[in-house]
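Asks: quick one: sequence and predicted model below, then my questions.
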Amino acid sequence: MLVAATLCWAVSFPVMRALSLHQPALVSGAGSWFFSSLGVAARFWAAGLCLALLCARELPGLTRLEIEQGVGLGVFGALGMLFQMDGLAHTEASVSAFLTQGYVLWLPLWQALAGRRPPPVRLWVAVAAVVAGVAILSGVTWERLRLGRGEIETLIASGFFAGQILWLQRPRYEGNHVGRFTVVMFGVMGLTMLPVVVLTAPDAGACFRAFASVPAAGMTLILVGICTLGGYLLMNHWQRRLGATEAGLIYCTEPVFASLLALWLPGILSQWAGIAYANETVTARLLIGGGLILAANLLVQWQQGAAGSQTELAAA
């Protein structure tokens with residue numbers, strides 16, 4: 001189910017890229033910060049409204065712990081996105097994609113500190129394989145890695161994403177209703193983006209013109225339905241059955257799916273939206289990098305007993 005969640009999130013990469021190429025024709029004089037923040041705010045608020053309607057009967061039972069969990073997830077997720085978005089303006093996309101997966105290192109380190117014991121050797125081997133796989137998949141080389149503003153902000157973003165994973169894993173939230181705390185999470189993430197939208201909008205009407213075409217509205221619906229409702233509901237429901245570090249390794253399959261989708265989806269979106277967005281091609285980098293990430297996840301899953309996951313859950 002978590003692999004399915006990463007597939008849902010992976011759809012967002014080509015769709016958001018296509019949307020970013022299409023929307024400037026609808027709103028002149030707006031920068032990338034406006035389109036990015038507006039897209040995130042609209043996406044999460046729309047998803048929150050849909051989920052609130054679906055859970056209308058359960059919402060009156062919203063508890064203090066569910067509000068606490070939803071606010072924590074929303075703040076961690078929104079801050080991670082903000083740092084990631086700004087970091088992208090100061091570093092290469094491939095470097096950002098690589099460093100964003102830094103939570104795969106933060107999680108076992110947290111496990112070691114919280115549990116006061118080192119993670120098993122097999123886990124470190126899997127982490128090393130994932131780091132190598134993402135580096136190859138992203139096309140990162142030692143010559144291109146440097147510690148500038150963009151890289152530092154992206155590492156900070158990966159720390160917030162690790163915090164989101166760990167916050168979801170806290171045992172005190174075990175009995176919380178997934179739908180109710182996810183509604184709170186979506187609302188908080190949209191609210192956090194609102195100041196960025198206000199500060200970067202060229203005018204009030206720009207928020208409506210940005211979606212005033214069939215392709216823009218359609219791609220936004222895809223982001224809301226598949227990438228937000230689908231991906232996050234799967235994450236919020238199923239991650240609690242695994243350890244945080246194991247879940248983090250599984251989430252690293254997201255760039256693999258994104259690379260595979262980029263082989264054919266851009267061409268379809270280009271014809272629909274009237275933009276120039278070419279399909280990518282199969283490369284040795286995709287096969288080797290994706291293979292290492294897959295092998296790492298198989299290594300963790302191989303003979304992974306329930307006791308191991310429960311121990312890791314307690315440490316988180």
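Replies: Nice, thanks for sending it over.
Asks: give me the most central residue, this protein.
Replies: Trp9 (6.3 Å; CA atoms, centre = their mean).
Asks: let me see the contact set for it.
Replies: 227, 231, 254 (CB atoms under 8 Å, 6 or more residues apart in numbering). Glycine gets a C-beta too; all of them are placed from N, C-alpha and C.
Asks: and the residue lying closest to the second one once chain neighbours are set aside, how close does it get to Ala135?
Replies: This means Gly231. Distances taken as CB to CB, 6 or more residues apart in numbering put Cys8 closest to Gly231, at 3.5 Å, once the chain neighbours are dropped. According to CB to CB, to the nearest Å, Cys8 and Ala135 sit 24 Å apart.
Asks: flag the shaky bits of the stretch 51-200 of the chain, pLDDT-wise.
Replies: Scanning the stretch 51-200 of the chain for pLDDT under 70 picks out 88-98, 138, 140-147.
Asks: check the chain for its longest helix and report it.
Replies: Longest helix in the chain by number of residues (criterion: DSSP state H): helix 64-88.
Asks: list the buried residues of it.
Replies: Residues 65-66, 68-88 are the ones in helix 64-88 that count as buried (16 or more other CB atoms under 10 Å).
Asks: and for stretch 2-18?
Replies: 2, 5-18.
Asks: tell me how far stretch 123-137 lies from the chain's centre.
Replies: Put simply, stretch 123-137 sits 18 Å off its chain's centre (CA atoms, centre = their mean, to the nearest Å).
Asks: and of the contacts of Trp9, the nearest to Pro266?
Replies: The nearest member of the contacts of Trp9 to Pro266, counting by CB to CB, is Cys227 at 16.0 Å.
Asks: now do the same contact list for that closest one.
Replies: Applying CB under 8 Å, 6+ apart, the residues near Cys227 are 8-9, 11-12, 15, 43.
Asks: now, which of the residues you listed sits nearest Trp264?
Replies: Val11 (12.2 Å).
Asks: surely the closest one touches Val224?
Replies: No - if you go by CB atoms under 8 Å, Val11 and Val224 don't touch, sitting 11.6 Å apart.
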